[in-house]
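J.: Everything below, folded, please.
(one chain, ligands or ions: 2)
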Amino acid sequence: MIIAIWGRDGTGKSTLADALGMLFIKQGVTAIIDTDLTQPTLPTRVNGKSFSADASLGKAVSGVGTEDAAKYLHQHPKNKRLFYAGLTDRDEYLSYEHGLEAADAAKTFMEQCTSLADTVILDLSGQRTDPFVPAALSSADKIIVPITPNVQGVCWLEAVKPFMEVMKTYGRVLPVVAMITHPALDTIEKATDIRFAAALPFVREFRQNGGDAGSTPAAIRYYKQVQKLYRKLTEVAT
Ligand SMILES: Nc1ncnc2c1ncn2[C@@H]1O[C@H](COP(=O)(O)OP(=O)(O)OP(=O)(O)O)[C@@H](O)[C@H]1O
Ligand SMILES: [Mg+2]
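T.: Ligands and ions are numbered 1, 2, ... in the order given. Down below sits the predicted model:
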């Protein structure tokens with residue numbers, strides 16, 4: 001199954017990808033691909049490992065692409081069924097270029113990952129320049145779209161609607177309201193005219209502790225909502 005997470009910058013996509021990944025590993029091998037080719041997140045997501053630039057997703061989607069996606073999937077040291085692909089901190093951005101052909105290489109890479117992992121989670125960038133966006137939106141089984149309940153969130157959604165139509169995402173999108181500070185979900189649904197698949201609360205501790213919120217009430221509410229989303233995603237697959 002391919003799950004894409006696509007939304008505006010900073011709406012909690014990577015945090016959600018990691019939380020969902022921890023649930024999907026119960027079912028099999030899970031690969032999380034951080035497709036943002038502007039920031040090296042691999043060293044923080046696969047702690048304690050040093051990567052050569054040759055193991056970077058940037059290399060995998062440059063030029064004609066790769067025939068061996070496995071080379072770019074890195075096992076999490078504590079979760080044997082969890083793998084990550086992304087940029088390394090050794091990437092030399094000038095050593096390769098990502099032109100329009102990168103979208104073809106990204107599509108091939110994504111397809112190869114589906115034969116290597118039971119679940120592929122595409123942690124997409126909000127930027128149209130992300131080479132994975134076309135392939136992910138046209139063929140992901142489900143597209144989770146985190147939307148913040150404010151002007152920026154609603155404007156982003158309005159701006160991408162025509163693109164979603166072109167990519168025929170209808171019926172595959174699971175909108176999620178993100179970073180809500182009060183639980184008036186019905187008010188938000190009325191104002192936006194959207195039925196949300198989950199409502200992810202704002203968890204102050206995520207900011208303070210670099211993603212580790214322990215078991216504070218807000219964190220518990222957050223993970224309950226991630227479980228709800230997980231159930232919806234797995235219902236679809238059966
Ligand atoms: N539910 C939440 N409540 C509060 N803070 C959050 C929540 N989810 C994520 N964060 C924090 O917000 C910041 C951005 O989160 P994250 O990196 O997951 O977003 P993103 O959408 O992947 O961002 P980018 O577009 O830059 O990749 C991080 O500091 C993260 O710890
Ligand atoms: Mg991110």
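J.: secondary structure class for residue 218?
T.: Secondary structure of residue 218, reduced to three states by DSSP: H, G, I helix; E, B strand; the rest coil: helix.
J.: okay, it: pLDDT?
T.: In the predicted model, residue 218 carries a pLDDT score of 90.
J.: give me the element residue 136 is part of.
T.: Using DSSP states H and E, residue 136 sits in helix 133-139.
J.: same question but for residue 228, I mixed them up
T.: In this structure, residue 228 is located in helix 217-237 according to DSSP H and E.
J.: tell me which residues in that helix are buried?
T.: Of the residues in helix 217-237, those buried under the neighbour-count criterion (16 or more other CB atoms under 10 Å) are 219, 221, 222, 223, 225, 226, 229, 230, 233. (Glycine included, C-beta is placed from N, CA and C.)
J.: Using the three-state scheme, assign residue 187.
T.: Remark: residue 187 carries the secondary structure label helix [criterion: three-state DSSP].
J.: Measure how buried it is and give me the count.
T.: Using other CB atoms under 10 Å, the number of residues around residue 187 comes to 11.
J.: Report the separation between the two terminal residues of stretch 133-149.
T.: Counting by CA to CA, to the nearest Å, the length from the leading to the trailing residue of stretch 133-149 is 23 Å.
J.: how far does it sit from the chain's center?
T.: On the basis of CA atoms, centre = their mean, to the nearest Å, stretch 133-149 sits 9 Å off its chain's mean C-alpha point.
J.: got the buried residues for it?
T.: The neighbour-count criterion (16+ other CB under 10 Å) identifies 133-137, 140, 142-149 as the buried residues of stretch 133-149.
J.: Same question for stretch 157-175.
T.: Under 16+ other CB under 10 Å, the buried positions of stretch 157-175 are 157, 160, 164, 167, 169, 172, 173, 174, 175.
J.: so how far is ligand 1 from the second one?
T.: What it means is residue 160. 14 Å (CB to the nearest ligand atom, to the nearest Å).
J.: The residue nearest to residue 221 when sequence neighbours are not counted bridge partners, please.
T.: Using CB to CB, 6 or more residues apart in numbering and skipping the chain neighbours, the partner closest in space to residue 221 is residue 201 (4.9 Å). Residues in a beta bridge with residue 201, per DSSP bridges, are residue 180.
J.: who's in contact with residue 201?
T.: Contact criterion CB atoms under 8 Å, 6 or more residues apart in numbering gives 179, 180, 181, 183, 218, 221, 222, 225 as the residues in contact with residue 201.
J.: now swap in residue 132 and tell me
T.: Applying CB under 8 Å, 6+ apart, one finds that residue 132 lies in contact with 33, 35, 61, 103, 106, 110, 122, 124.
J.: If anything else comes up later, I'll come back, but that's it for now.
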